[in-house]
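Trainee: dropping the sequence and predicted coords here.
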Amino acid sequence: MAGPRPVHRVLEVGCGHGVLLSLLAARLTSGTVVGLDRSATMTAAAAARNADAVAAGRVVLRTAPLLTADLDGEAFDLVVAVHVGVFWRPPADELGVVRRVLGPGGRFLLVDQPLRPRQADEAADRVAALAAPHGLVVSAVRTGDTPPRPSIAVELRPRAAPGGTTTPGTTGGPCAG
């Protein structure tokens, strides 16, 4: 479902040790993946794990919470967050930042493992309600049997305005429109 193209610009929110960064960077040729984590310990671990990709310029790491990260002027084709709780519970203001940095045709992939086996529908509905005020809509939901708990992947895209264009980000920005 993530499947970035070789030229895509990707943002991973909450990159942790950099495992997903490695997988994403391996698919890129001229694109880049930015790994963002609020923990300097995690971005250092991600830098060590991805040292060759960092040296080649395919991986860039930043230490900051998403709400205060300096992402102005950047546009991403894909934003990914795995097990990042702020997107699943109110107020989820980070969704506004995601909307602002999504480029034309961009998408946001949100992945988690619900605590109960049948919690996926509830989780997708909750994300849809949190995302709507930020101009994002659920475009796909996939679940998987991933022990020890089932997993869910929710894909969000900018809401289409009448006439087929996407709505601007709720707080403006370079990627609006």
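Mentor: All right, it came through fine.
Trainee: going forward, measure contacts between C-alpha atoms and count neighbours the same way
Mentor: Noted.
Trainee: now the helices: where do they sit in the chain?
Mentor: Applying DSSP state H to the chain gives helices spanning 19-26, 40-49, 51-56, 94-101, 120-131.
Trainee: among these, which comes closest to residue 67?
Mentor: Across the helices of the chain, residue 67 has its closest neighbour in helix 94-101 (5.9 Å, Cα to Cα).
Trainee: re earlier: most tightly surrounded among the helices of the chain?
Mentor: Greatest average neighbour count among the helices of the chain goes to helix 94-101 (a mean of 25), per mean count of other Cα atoms under 10 Å.
Trainee: who are the packing partners of it?
Mentor: If you count contacts as 3 or more Cα pairs under 8 Å, 6 or more residues apart in numbering; DSSP states H and E, helix 94-101 packs onto no helix or strand.
Trainee: adding mean pLDDT and distance to residue 75, write the helices of the chain out as a markdown table.
Mentor: As requested, those are exported to a markdown table (pLDDT from 0 to 100; distance: least, Cα to Cα, whole Å):
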| stretch | mean pLDDT | distance to residue 75 |
| --- | --- | --- |
| helix 19-26 | 95 | 17 |
| helix 40-49 | 98 | 21 |
| helix 51-56 | 96 | 20 |
| helix 94-101 | 96 | 5 |
| helix 120-131 | 92 | 19 |
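Trainee: those: which one's closest to residue 8?
Mentor: Among the helices of the chain, helix 19-26 comes nearest to residue 8, with 10.0 Å by Cα to Cα.
Trainee: gap between the closest one and the chain center?
Mentor: The chain centroid and the centroid of helix 19-26 are separated by 14 Å under Cα atoms, centre = their mean, to the nearest Å.
Trainee: how many other residues sit next to the residue nearest to residue 157 when sequence neighbours are not counted?
Mentor: Once flanking residues are discounted, residue 157 sits nearest to residue 107: 4.8 Å by Cα to Cα, 6 or more residues apart in numbering. Applying other Cα atoms under 10 Å, we find 25 residues neighbouring residue 107.
Trainee: give me the pLDDT value at residue 107.
Mentor: Listed pLDDT for residue 107 reads 96.
Trainee: circling back to that earlier point, would you reformat the helices of the chain as JSON lines and include distance to residue 146?
Mentor: Listed next are those as JSON lines, based on distance: least, Cα to Cα, whole Å:
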{"stretch": "helix 19-26", "distance to residue 146": "16"}
{"stretch": "helix 40-49", "distance to residue 146": "24"}
{"stretch": "helix 51-56", "distance to residue 146": "29"}
{"stretch": "helix 94-101", "distance to residue 146": "26"}
{"stretch": "helix 120-131", "distance to residue 146": "13"}
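Trainee: ok, which of those comes nearest residue 63?
Mentor: Nearest of the helices of the chain (Cα to Cα): helix 40-49, 5.7 Å.
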